[in-house]
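K.L.:
Build me a model from this:
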Amino acid sequence: MAWLRRAAAGVWEFVVGDDWRLALGSVVALGGAALLVAAGVDAWWFAPLAVPAILALSLRQSLKRALPR
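P.N.:
Residues are numbered from 1 along each chain as shown. The predicted structure follows:
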């Protein structure tokens, strides 16, 4: 069972990495696009719009931690 724990930890590190907000934002963006498609909307534009917003929020958090007040 130790191999399963190590495998799960490896997957977690690969998906989440350094910033859990990026992983969560990606899931929300893909889920939002899926919901739009399920509602009959042509949602090819949703993910490309979500990516800069997610990156901007992540960058803002990183700068808050890195820059002294």
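K.L.:
so where do the helices sit in this protein?
P.N.:
For the chain, the helices defined by DSSP state H cover 2-16, 20-38, 46-66.
K.L.:
Tell me the helices and strands packed up against the longest one.
P.N.:
Meaning helix 46-66. Identification of packing neighbours for helix 46-66 by 3 or more CB pairs under 8 Å, 6 or more residues apart in numbering; DSSP states H and E yields helix 20-38. Placement of C-beta: from N, CA and C, glycine included.
K.L.:
And the helix it packs on, how far out from the chain middle?
P.N.:
Distance of helix 20-38 from the chain centroid (CA atoms, centre = their mean, to the nearest Å) equals 8 Å.
K.L.:
next one: stretch 59-69
P.N.:
Taking the mean of its C-alpha atoms, stretch 59-69 sits 19 Å from the chain's own mean (CA atoms, centre = their mean).
K.L.:
Could you list the residues in contact with that stretch?
P.N.:
Residues from elsewhere that reach stretch 59-69, judged by CB atoms under 8 Å, 6 or more residues apart in numbering: Asp19, Arg21.
K.L.:
6 Å instead, please
P.N.:
By CB atoms under 6 Å, 6 or more residues apart in numbering, no surrounding residue is in contact with stretch 59-69.
K.L.:
what's the spacing between Gly25 and Arg6?
P.N.:
27 Å (CB to CB, to the nearest Å).
K.L.:
if you count what's nearby, which of the two comes out ahead?
P.N.:
The neighbour comparison of Gly25 against Arg6 (other CB atoms under 10 Å) goes to Gly25, with 18 against 10.
K.L.:
Reformat the helices of the chain as TSV; add mean pLDDT.
P.N.:
Output for the helices of the chain, formatted as TSV (pLDDT from 0 to 100):
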stretch	mean pLDDT
helix 2-16	86
helix 20-38	91
helix 46-66	89
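K.L.:
and these, which is most packed in?
P.N.:
By mean neighbour count, with neighbours taken as mean count of other CB atoms under 10 Å, helix 20-38 ranks first of the helices of the chain at a mean of 14.
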